[in-house]
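In: Have a look; sequence and predicted model below, questions after that.
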Amino acid sequence: MFDKNILLDLVKTRMPYGKYKGRVICDLPEFYLAWYHQKGFPEGKIGILLGTLYEIKLNGLEYLLKELRKL
């Protein structure tokens, strides 16, 4: 079952560490997400968000987040 709050979290949560610390997760570049995909996503909520965003960007579905950013 998909938790729709994950999409809201993608546009509200900031990256807590690393090269892009402080950047809203939905603004992370695709190459960074691909690197994490290859390395392995971290455990917990951040890993779920990064994995979800990776799939969204990989499949060209960024438009799903566009309206949510306005909330």
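Out: Yes, it's here. Numbers count the residues shown, from 1 in each chain.
In: And K12, how far from F31?
Out: K12 sits 23 Å away from F31, taking CB to CB, to the nearest Å as the criterion. (Glycine included, C-beta is placed from N, CA and C.)
In: Of these two, give the one with the bigger neighbour count.
Out: K12 (14 against 9; other CB atoms under 10 Å).
In: Next up, the contacts around that one.
Out: V24 (CB atoms under 8 Å, 6 or more residues apart in numbering).
In: all numbers from here: first residue = 51
Out: Yes, from this point I'll number from 51; that puts the last item at K62.
In: what's the distance between it and L83?
Out: For K62, the distance to L83 (CB to CB) stands at 18 Å.
In: And G72, by the same measure?
Out: For G72, the distance to L83 equals 17 Å [CB to CB].
In: For these two, indicate the residue with more neighbours.
Out: When G72 and L83 are compared on other CB under 10 Å, the one with more neighbours turns out to be L83, at 21 against 9.
In: tell me the secondary structure for that one?
Out: Under DSSP: H, G, I helix; E, B strand; the rest coil, the three-state class of L83 is helix.
In: these two touch, right, it and T102?
Out: No: counting by CB atoms under 8 Å, L83 does not reach T102; the two are 9.9 Å apart.
In: any idea how far L118 is from P66?
Out: The gap separating P66 from L118 is 20 Å, by CB to CB.
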